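[1] The following block contains a protein sequence and its predicted model.
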Amino acid sequence: MLDPLLQQTLALALAALFGAAVIHKLVAMREWPGIVHSYALLPNVLVLPVAAALIGAEALAAVALMLPKLRPLGGALAGALLALYAAALSINLWRGRTSIDCGCFAGRLRHGIAPWMVARNLVLGALALTLLLPASARPTTLTDDAVAVVCALTLAFLYPVLTVAARPPPPTFDQNYRITSGGSTTR
């Protein structure tokens, strides 16, 4: 059983994450299908419908996570989406395609894909699936609600910072020189 404060905090943080993802994708609507296409996992005819369906599924997850009666549905949908994204990242990492845009912020924070992104999505997916567990019968108070909102907002602000901080550093001058001159990139 989950404490209702923990359940509410997780649900609000994930709702903020998915809500922000939907907004970013809608703002970059012209770029989003291209990002989906760059993963090279779908036939061209399916790229546009799948890109639209992903936005709809993320919006549904965000709304369901905010509504206590629909929270298990939101947790299941969020977990499924995060597992799907982890699989898409893993397949492209396995193919050696690390320079494609991850699509995490719908092209606004362009950077390639990396193994840590797979781990991040799997951890977030596991957290989302904990929302399928029943909450304890302890009633929440106004203080609990305020703490959940403050924690969710803090996590929402930290998420992009951690994403940027986890990015590997750009290549050095020497590494760029070796790459362009045909030499090895290792020392």
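    It's in.
[2] Run through the helices of this structure in chain order.
    For the chain, the helices defined by DSSP state H cover 4-27, 32-38, 44-66, 71-94, 115-129, 142-166, 173-181.
[3] export those helices to CSV and tack on mean pLDDT, mean neighbour count and distance to residue 101?
    All C-beta atoms are positioned from the backbone trio N, CA, C, and that covers glycine. Shown next, in CSV, are the helices of the chain (pLDDT from 0 to 100; neighbours: other C-beta atoms under 10 Å; distance: least, C-beta to C-beta, whole Å):
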stretch, mean pLDDT, mean neighbour count, distance to residue 101
helix 4-27, 89, 21, 12
helix 32-38, 92, 18, 5
helix 44-66, 96, 17, 13
helix 71-94, 96, 19, 11
helix 115-129, 93, 17, 12
helix 142-166, 69, 13, 13
helix 173-181, 65, 11, 20
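[4] Residue 103 is in contact with residue 32, isn't it?
    Yes - taking C-beta atoms under 8 Å as the definition, residue 103 is a contact partner of residue 32 at 7.4 Å.
[5] ok, back up a step: so which of the helices of the chain gets nearest residue 136?
    For residue 136, the closest of the helices of the chain is helix 4-27, at 6.4 Å, according to C-beta to C-beta.
[6] From the contact counts, what lies against that closest one?
    Here helix 4-27 touches helix 44-66, helix 71-94, helix 115-129, helix 142-166, going by 3 or more C-beta pairs under 8 Å, 6 or more residues apart in numbering; DSSP states H and E.
[7] can we see that at 7 Å?
    helix 44-66, helix 71-94, helix 142-166 (3 or more C-beta pairs under 7 Å, 6 or more residues apart in numbering; DSSP states H and E).
[8] right, and those - which one's nearest residue 22?
    helix 44-66 (4.8 Å).
[9] Give me the angle between that closest one and helix 4-27.
    150 degrees (axes from the mean of the first three to the mean of the last three C-alpha atoms, to 10 degrees).
[10] Stretch 34-42 spans what distance, first to last residue?
    Criterion C-alpha to C-alpha, to the nearest Å; first-to-last residue distance in stretch 34-42 is 12 Å.
[11] oh, and call the first residue 56 from now on, that's how I've got it
    That works, and once the first residue is 56, the last one we named lands at stretch 89-97.
[12] How far off centre is that stretch?
    16 Å (C-alpha atoms, centre = their mean, to the nearest Å).
[13] With stretch 119-134 instead?
    Worked out by C-alpha atoms, centre = their mean, stretch 119-134 lies 16 Å from the chain centre.
[14] Quote the end-to-end distance of it.
    Its start and end residues considered, stretch 119-134 measures 13 Å (C-alpha to C-alpha).
[15] what's next to that stretch, contact-wise?
    Under the criterion C-beta atoms under 7 Å, 6 or more residues apart in numbering, residues 66-67, 69-70, 73, 112, 115-116, 180, 183-184, 186-187 lie in contact with stretch 119-134.
[16] what's the closest of those to residue 104?
    Lowest distance from residue 104 to those (C-beta to C-beta) belongs to residue 112, with 12.1 Å.
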